[in-house]
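K.L.:
Okay, structure incoming, though there's no sequence with it:
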């Protein structure tokens, strides 16, 4: 495990973008596992800057997103497909056929989970970008008695709904279920890049990286990953780095 301490959120985003850019430069056909949420937005902005300056090409890159809300169409402003298009894909030269996101409109959960597992199997992930949920979830793998290895259809915890309701007009508009890449697929990624920002993430980040391995803190399993990079700012790392 490598931990990088950034001065602030902007610096964190620059460091994370540099790590992803290095991956693409060394292997232009890299498969990137990508995350949504507030924390990665700055990282995506930095990647867009690198692309527009001519320093970074996405033409051979493939992406596999972690998750998607059930029932939301890709064109819905709250969907993760829309988020990725708005915050990254529409601004770089990634090919549409190389973008992979679970289909929130497929109501056959078993079929959609099997389909997405096949996508991941055919495209092993070189670098997986992760944010960290307030209850220690990664993707939408919520605290539970056991965690699924493959893509699964999950009921969202109230803590997750509370964290995401700011993206919706009303809390009742937040979907209650989602498709998420499983912990097995995340752990099989060749490299994992975990980013966290702000004092609000300090306690759960400490539990994830230094606490006991437990399915009640899904991110704690990352302690077992062979190539984990953590980038945090001063607030999120206050219990980890002095």
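P.N.:
That came through, no problem. Model, not experiment: these values are computed from the prediction. Residues are numbered from 1 along each chain as shown.

K.L.:
alpha carbons only for contacts and neighbour counts from here, please
P.N.:
OK.

K.L.:
quick one: least confident helix or strand in the chain?
P.N.:
helix 158-164 (a mean of 88; mean pLDDT, DSSP states H and E).

K.L.:
residues of that helix that come out buried?
P.N.:
Neighbour-count burial for helix 158-164, counted by 16 or more other C-alpha atoms under 10 Å, picks out 160, 161, 164.

K.L.:
got the contact list for it?
P.N.:
For helix 158-164, contacts defined as C-alpha atoms under 8 Å, 6 or more residues apart in numbering pick out 133, 134, 135, 171, 174, 176.

K.L.:
ok so residue 195 is a strand residue?
P.N.:
Yes - assigned with DSSP: H, G, I helix; E, B strand; the rest coil, residue 195 falls within a strand.

K.L.:
Which pLDDT value belongs to the residue sitting nearest the centre point of the chain?
P.N.:
Closest to where the C-alpha atoms of the chain average out (C-alpha atoms, centre = their mean) is residue 35, at 2.4 Å. On pLDDT, residue 35 comes in at 98.

K.L.:
helices or strands next to the top helix by length along the chain in the packing?
P.N.:
Scanning the chain for the helix with the most residues, using DSSP state H, yields helix 9-26. Counting contacts by 3 or more C-alpha pairs under 8 Å, 6 or more residues apart in numbering; DSSP states H and E, helix 9-26 packs against strand 2-6, helix 40-52, strand 191-196, strand 228-233.

K.L.:
Just put the ones you listed in TSV and tack on mean neighbour count and mean pLDDT.
P.N.:
As requested, the helices and strands packed on helix 9-26 are arranged in TSV below (neighbours: other C-alpha atoms under 10 Å; pLDDT from 0 to 100):
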stretch	mean neighbour count	mean pLDDT
strand 2-6	16	97
helix 40-52	20	98
strand 191-196	24	98
strand 228-233	22	98
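
K.L.:
if you go through the chain in chain order, where are the strands?
P.N.:
Using DSSP state E, the strands of the chain run over 2-6, 31-34, 62-65, 67-69, 99-100, 127-130, 152-155, 177-180, 191-196, 228-233.

K.L.:
Identify the residues contacting the closest residue to residue 41 other than its chain neighbours.
P.N.:
Nearest residue to residue 41, sequence neighbours excluded (C-alpha to C-alpha, 6 or more residues apart in numbering): residue 87, at 6.7 Å. Applying C-alpha under 8 Å, 6+ apart, we find residue 87 in contact with 41, 44, 45.

K.L.:
I'd like the distance between the last one and residue 151.
P.N.:
In this case it means residue 45. Separation of residue 45 from residue 151 (C-alpha to C-alpha, to the nearest Å): 28 Å.

K.L.:
same thing with the second one?
P.N.:
In this view, residue 44 and residue 151 are 24 Å apart by C-alpha to C-alpha.

K.L.:
who touches residue 84 in this structure?
P.N.:
By C-alpha under 8 Å, 6+ apart, the neighbours of residue 84 are residue 36.

K.L.:
In TSV: the helices and strands packed on helix 9-26, plus distance to residue 215.
P.N.:
What follows is the helices and strands packed on helix 9-26, written out as TSV (distance: least, C-alpha to C-alpha, whole Å):
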stretch	distance to residue 215
strand 2-6	23
helix 40-52	24
strand 191-196	18
strand 228-233	18
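
K.L.:
Nearest to residue 113 among these would be which one?
P.N.:
strand 191-196 (21.9 Å; C-alpha to C-alpha).

K.L.:
what does that closest one rub up against?
P.N.:
12, 16, 39-40, 126-132, 186, 205, 225-233, 236.

K.L.:
Next, the angle helix 40-52 makes with it.
P.N.:
120 degrees (axes from the mean of the first three to the mean of the last three C-alpha atoms, to 10 degrees).
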